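Have a look at this fold, sequence not included:
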């Protein structure tokens, strides 16, 4: 949609309808982006075009042309200018990082000779121009530098971590292999979420997770108090080694699915309700009574379910040693699962990455953009700073049980969670036995 000036909606629609063509969506996107640019300039100057206002901070000075490449094709835009040269749009940077990564992955598939004629047609249509290996290398250079800077940035205090892995198909040596993508989400001392690290590994085991955790600590990660994950042995071993003193929370959602798999189809609804009641317990007596009742009931109806609960449910209860309002968002890996779904939505276009570096580039850029989009406080961390287990009835009940208990009993296992509580406040000797 070639134009010499920004157009109102009615005029833009007339131009689009008159032009016809096979890509009206590109033309509509072009108009929408142009309007966003004009709005951004208005916000920068504090006034509309030709508006007289005491709040005005400057004046417009025409436009410059720029071609913006997207998956819908090239957008021909007019970038607003101001007289003082202080305006710089932030519209392109975050959006184009992931778009560049996606387009580069498609281009690499063709350049490396592993793609099809169909892929070539797609990439040429996306980019609007012919390309070569040297062009791909040049386009990737700037994006790779940003990814490297992001991976080496300095970290700080993140009391809560949520870790998980997803899998992507990658070409290597003429074969298609499955590669694990290890992802760590952190919640900082201000309650804000951020993707701390993304790493592509041949397999998900103790070595790969330990290497990742060690690198995070090298970059300054500290004050980790709780790590939530699924029941992966590699994650548990890495947490125990590199985050000593931190608690490990087994994802209650994953555990529920594992337990439900042991029940018959007709029993699943009832069992799921029993587990939900346990995980939503408000005090110690309620928790213990529900556990005892549930284990006893299912020992008669389905012994395998009862055994699973008796042996493993304690791993899902570490979150009870933390402030009540935090538990719902820390007891599962759902916060990271939603991001993994977004990764799959974007990588579904590729199906198979041309190499590992291409896979890391795209997922890292998505992680950068997602972290920037999480601009709302996720948790009120003042609760963690002021809270002590002595302030919470359930955790206080755990403290009362610490003496004279058999460590193999369920109550003893619950009490064993208490030494992992992540606070420097001393526990008054009298209160622990009160």
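That came through, no problem. Because the structure is predicted, anything quoted here is derived from the model rather than measured.

for the stretch 301-434 of the chain, which spans come out with low pLDDT?
By pLDDT under 70, the low-scoring segments of the stretch 301-434 of the chain are 349, 387-434.

does residue 89 count as helix, strand or coil?
Per DSSP: H, G, I helix; E, B strand; the rest coil, the local secondary structure of residue 89 is coil.

Please tell me I have it right and it contacts residue 40.
Yes - using CB atoms under 8 Å, residue 89 is in contact with residue 40, at 5.6 Å. All C-beta atoms are positioned from the backbone trio N, CA, C, and that covers glycine.

intersection of neighbour lists for the two?
Taking CB atoms under 8 Å, 6 or more residues apart in numbering as the contact rule, residue 89 and residue 40 both touch residue 80.

what ranges do the helices span in the stretch 151-300 of the chain?
For the stretch 151-300 of the chain, the helices defined by DSSP state H, counting those that start in this stretch occupy 206-218, 233-242, 252-260, 268-279, 284-301.

Let me have these in a markdown table, extended by distance to residue 67.
Below are the helices of the stretch 151-300 of the chain laid out as a markdown table (distance: least, CB to CB, whole Å):
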| stretch | distance to residue 67 |
| --- | --- |
| helix 206-218 | 39 |
| helix 233-242 | 45 |
| helix 252-260 | 45 |
| helix 268-279 | 53 |
| helix 284-301 | 61 |
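
could you dump these to a markdown table with distance to residue 147 and mean neighbour count?
Listed next are these as a markdown table, based on distance: least, CB to CB, whole Å; neighbours: other CB atoms under 10 Å:
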| stretch | distance to residue 147 | mean neighbour count |
| --- | --- | --- |
| helix 206-218 | 15 | 18 |
| helix 233-242 | 23 | 18 |
| helix 252-260 | 30 | 18 |
| helix 268-279 | 38 | 16 |
| helix 284-301 | 45 | 16 |
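
And those helices: which comes nearest residue 339?
Distance to residue 339, taken as CB to CB, is lowest for helix 252-260 among the helices of the stretch 151-300 of the chain, at 15.1 Å.

so what's residue 343 up against?
Residue 343 neighbours (CB under 8 Å, 6+ apart): 166, 181, 363, 366.

can you pick the most crowded of the residues you listed?
With neighbours taken as other CB atoms under 10 Å, the top of these is residue 363, carrying 27 neighbours.

Name the nearest residue to that residue, ignoring sequence neighbours.
residue 198 (5.3 Å; CB to CB, 6 or more residues apart in numbering).

Could you give the bridge partners of that neighbour?
Taking DSSP bridges, one finds residue 183 as the beta-bridge partners of residue 198.

so it sits right up against residue 364, yeah?
Yes - contact criterion CB under 8 Å: residue 198 and residue 364 qualify, at 5.0 Å.

which residues do the two both contact?
Residues touching both residue 198 and residue 364 (CB under 8 Å, 6+ apart): residue 151.

the more surrounded of the two?
Using other CB under 10 Å as the criterion, residue 198 and residue 364 rank with residue 364 on top: 26 against 23.

Next one: that one from residue 237, what distance?
Going from residue 364 to residue 237 by CB to CB, to the nearest Å gives 25 Å.

you'd agree residue 294 is up against residue 302?
No - counting by CB under 8 Å, residue 294 does not reach residue 302; the two are 11.2 Å apart.

Any regions of the stretch 101-250 of the chain where pLDDT drops low?
Counting by pLDDT under 70, the ranges of the stretch 101-250 of the chain that qualify are 101-142.

As a check, name the ranges of all strands in it.
160-172, 175-187, 193-201, 226-229, 247-250 (DSSP state E, counting those that start in this stretch).

With distance to residue 150 added, can I get those strands in TSV?
Output for the strands of the stretch 101-250 of the chain, formatted as TSV (distance: least, CB to CB, whole Å):
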stretch	distance to residue 150
strand 160-172	18
strand 175-187	13
strand 193-201	9
strand 226-229	22
strand 247-250	27
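
what about those, which gets the closest to residue 153?
Residue 153 lies closest to strand 193-201 among these, at 9.2 Å (CB to CB).

what packs against the closest one?
Counting contacts by 3 or more CB pairs under 8 Å, 6 or more residues apart in numbering; DSSP states H and E, strand 193-201 is packed against strand 160-172, strand 175-187, helix 206-218, helix 356-373.

Tell me how many other residues crowd residue 335.
Neighbour tally, residue 335, other CB under 10 Å: 18.

One more: residue 308?
Neighbours of residue 308 under the rule other CB under 10 Å: 19.

Does it lie in a helix or a strand, and which?
For residue 308, the element it lies in under DSSP states H and E is helix 303-312.

tell me which residues of that helix are tucked away?
305-306, 308-310 (16 or more other CB atoms under 10 Å).

pretty sure residue 353 contacts residue 172?
No - taking contacts as CB under 8 Å, residue 353 lies outside contact range of residue 172: 9.7 Å.

Looking at those two, which one has more neighbours?
Neighbour totals were compared for residue 353 and residue 172, and residue 353 leads with 25 against 13 (other CB under 10 Å).

so what's the closest residue to the more buried one other than its chain neighbours up against?
Leaving aside its sequence neighbours, residue 353 sits nearest to residue 359 (CB to CB, 6+ apart; 4.1 Å). Under the criterion of CB under 8 Å, 6+ apart, the neighbours of residue 359 are 105, 168, 170, 179, 181, 200, 347, 353.

Tell me the one of the contacts of residue 343 nearest residue 28?
residue 366 (24.6 Å).

Now do the helix or strand in which residue 344 is found against strand 175-187, angle only.
In the assignment (DSSP H and E), residue 344 maps to helix 334-347. Per axes from the mean of the first three to the mean of the last three CA atoms, to 10 degrees, the angle that helix 334-347 makes with strand 175-187 is 140 degrees.

residues of helix 334-347 that come out buried?
334-336, 339-340, 343, 347.

Can you add distance to residue 316 and give the residues you listed back as CSV?
Shown next, in CSV, are the buried residues of helix 334-347 (distance: CB to CB, whole Å):
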residue, distance to residue 316
334, 14
335, 17
336, 17
339, 22
340, 21
343, 26
347, 31
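
What is the nearest of those to residue 243?
Nearest to residue 243 out of the buried residues of helix 334-347 is residue 336 (CB to CB; 17.1 Å).

does the closest one really touch residue 185, like I thought?
Yes - assessed by CB under 8 Å, residue 336 is found in contact with residue 185 at 4.9 Å.

list residues touching both of the two?
By CB under 8 Å, 6+ apart, residue 336 and residue 185 have these common neighbours: 162-163.

my read: residue 67 touches residue 33, true?
No - in this structure residue 67 lies outside contact range of residue 33 using CB under 8 Å: 11.9 Å.

Now the common contact residues for these two.
75, 77.
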